[in-house]
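*Asks:* give me a 3D structure for the following:
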Amino acid sequence: VELPLTVLPAATLAPTVTALLAGTTATTPRPRLAWGSVPNASTYAVQIATDAAFANIVFTQTGVTGTTLTPPAGALGPATAYFVRVRALSTCGPGPYSAPVAFQTGTLSCQAYAAGDLPLSLPNTNPFIISSAVTVANPNRVASIRVRDLNLTHTNAGELEITLTNPIGRRAVLLARQCAGPGPLSLTFDEAAPAPLACPPGSGATVRPAASLLDLLDGPAQGVWTLTVSDDVTGNGGTLTGWTLELCTVLEPPIPPTTLLVTSRPGPTAVAELAWDDNSTNETGFEVERAAAAGGFVRVATVGPNITRYQDAVRGSGTYCYRVRAVGASGVSPYSNEACLPLTDTRPAPTPLTGLAVSPNPGSGLFELKLDNEEEGAISLRVLDAVGRIVLTRSLTKTTAPTALPLDLRNLAGGIYLLHLTTPKEKVVVRGMKE
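*Replies:* Next up, the predicted model:
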């Protein structure tokens, strides 16, 4: 007996997730996932979880025919860490999963923009196209869209097509000549709504738009958003009386500064003059960091927004390197380029106790340790009692600016206490008396 045997090819390779195409440091809750194709795959399965072991899977999609997927509205939340993996499916069964890839959805900020150019007439004499616009100044990426409180009257709403166009010209259909008959329309369009439009439409209902708003996401919110109402039938008219655009955007970290340049100022004092380009519009300040030849970077200053220069006085000759990053309400930027230069300090070295004092001394228990010198770096303090027991420890990072460190010894017995101060260059002991 001869039996025909057909050997079907299997998808034996794991895909490689190639991109989370919607964003850099944080994605919207609807990122565009992409992966490489696998030989012999007929479809793909995608899983998203909140842990790398995929013990808590929050989204699964099978039967994906292409190599990209955007999760539906509501599947993922904001400000959450996720992991995604993909595997190929074939007639012979599933292949292995890809390595998990981590991504982070950003924090969202939502704002409503009510149209200010209304009411607008919907004429009954000719087929018409009328437009109403709102202008948005927010530069962040769009994560979700609602068209709220769309209100209009028309003799036959079933003749109307209503669309929304974003600032870069992408268009989505909200209403596609549905629900014939007279009457006012009062609707909110939201892709996360539980159902599409039902006829006759209920007043104040929230419904899914006729087409997905996905193409309008992930671009900058900034610019003109246009609501267009069109009617290709003569003889029916009405009035557009209101609509509000609600945009939720991802709070973006600032764009990093660039072109950091460091030069030295002539004179006996070793002063580095820094200058950089400010590329962001949402920073709250800039952090300046310095590294000596034998150490790592430490922060030496934080300057305000829109500042692009800083002078740093150092103590001691050597080669110093600098870098700068922008800080903002939603995080920090990557660092700028590093810039280094040699500095020569011809001033005499300070004596160990220059600018160091404890006051009041003697005192009743509240003291202040004053450091008014050009020592800088990590400083540690140990307070010992008369028999050598450590009763208090403190640490701080000092810049060249004067520093005051409060000390509260009120819960300790009266007597003499020794303050052991360790700086990057020396160790100092100061005596304090509690009355």
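*Asks:* quick check: pLDDT value at the closest residue to residue 152 other than its chain neighbours.
*Replies:* Once flanking residues are discounted, residue 152 sits nearest to residue 240: 4.6 Å by C-beta to C-beta, 6 or more residues apart in numbering. All C-beta spots, glycine's among them, are computed from the backbone N, C-alpha and C. The model reports residue 240 with a pLDDT of 96.
*Asks:* likewise residue 426?
*Replies:* According to the prediction, residue 426 has pLDDT 69.
*Asks:* beta partners of residue 311?
*Replies:* Note on residue 311: beta-bridge partners by DSSP bridges are residue 273.
*Asks:* thinking again about what came up before, which parts of the strand or helix carrying the residue nearest to residue 152 are buried?
*Replies:* Secondary structure from DSSP states H and E places residue 240 in strand 238-250. For strand 238-250, the buried set under the neighbour-count rule, 16 or more other C-beta atoms under 10 Å, comprises 238, 240, 241, 242, 243, 244, 245, 246, 247, 248, 249, 250.
*Asks:* thought the last one was touching residue 107?
*Replies:* Yes. Under the criterion of C-beta atoms under 8 Å, residue 250 is in contact with residue 107, at a separation of 7.2 Å.
*Asks:* any common contacting residues for the two?
*Replies:* Residues touching both residue 250 and residue 107 (C-beta atoms under 8 Å, 6 or more residues apart in numbering) are residue 26.
*Asks:* retrieve the pLDDT associated with the nearest residue to residue 280 once chain neighbours are set aside.
*Replies:* Leaving out its chain neighbours, the residue that sits closest to residue 280 by C-beta to C-beta, 6+ apart is residue 254, at 3.6 Å. Model confidence at residue 254, given as pLDDT, is 86.
*Asks:* again, but for residue 19
*Replies:* For residue 19, the pLDDT comes out at 73.
*Asks:* same deal with residue 378?
*Replies:* Turning to residue 378, the model gives it a pLDDT of 79.
*Asks:* before we move on, what about the one 3 residues further on?
*Replies:* The predicted local distance difference test score for residue 381 is 82.
*Asks:* equivalent analysis for residue 1, please.
*Replies:* Note on residue 1: pLDDT of 64.
*Asks:* could you do the one 4 residues further on as well?
*Replies:* We note a pLDDT of 69 for residue 5 in this prediction.
*Asks:* and for residue 72?
*Replies:* Taking residue 72 on its own, its pLDDT is 91.
*Asks:* try the one 5 residues further on
*Replies:* Residue 77 is assigned a pLDDT of 93 by the prediction.
*Asks:* setting aside sequence neighbours, what's the nearest residue to it?
*Replies:* Using C-beta to C-beta, 6+ apart and skipping residues adjacent in sequence, the residue nearest residue 77 is residue 29, 6.2 Å away.
*Asks:* cool, and residue 127?
*Replies:* residue 232 (4.6 Å).
*Asks:* repeat that for residue 324.
*Replies:* Excluding the flanking residues, the one nearest residue 324 by C-beta to C-beta, 6+ apart is residue 336, at 4.6 Å.
*Asks:* next up, the contacts around the residue most central in space within the chain.
*Replies:* Among the residues of the chain, the one closest to the centroid is residue 252, at 3.6 Å (C-alpha atoms, centre = their mean). Going by C-beta under 8 Å, 6+ apart, residue 252 touches 25, 26, 106, 139, 140, 141, 282, 330.
*Asks:* doesn't residue 108 make contact with the fifth one?
*Replies:* No. Look at residue 140 against residue 108 with C-beta under 8 Å: they stay out of range, at 9.4 Å.
*Asks:* pick out whichever of the two has more residues nearby.
*Replies:* residue 140 (21 against 18; other C-beta atoms under 10 Å).
*Asks:* residue 393 versus the more buried one, what's the distance?
*Replies:* Residue 140 sits 44 Å away from residue 393, going by C-beta to C-beta, to the nearest Å.
*Asks:* same check, this time on residue 135
*Replies:* For residue 135, the distance to residue 393 (C-beta to C-beta) stands at 57 Å.
*Asks:* now do residue 406
*Replies:* Distance, residue 406 to residue 393, by C-beta to C-beta: 14 Å.
*Asks:* could you do residue 81 as well?
*Replies:* Distance of residue 81 to residue 393, computed by C-beta to C-beta: 35 Å.
*Asks:* what does residue 413 give?
*Replies:* 18 Å.
*Asks:* same thing with residue 230?
*Replies:* Distance, residue 230 to residue 393, by C-beta to C-beta: 74 Å.
*Asks:* so for those two, which residue has more residues nearby?
*Replies:* A side-by-side neighbour count of residue 230 and residue 393, using other C-beta under 10 Å, places residue 230 first with 16 against 10.
*Asks:* pretty sure that one is in a helix, no?
*Replies:* No. Residue 230 is assigned strand when assessed by DSSP: H, G, I helix; E, B strand; the rest coil, not a helix.
*Asks:* now it. Nearest residue, chain neighbours left out?
*Replies:* Going by C-beta to C-beta, 6+ apart, residue 230 has residue 129 as its nearest residue, at 4.4 Å.
*Asks:* which of the helices or strands spans the one you found?
*Replies:* Per DSSP H and E: strand 128-136 holds residue 129.
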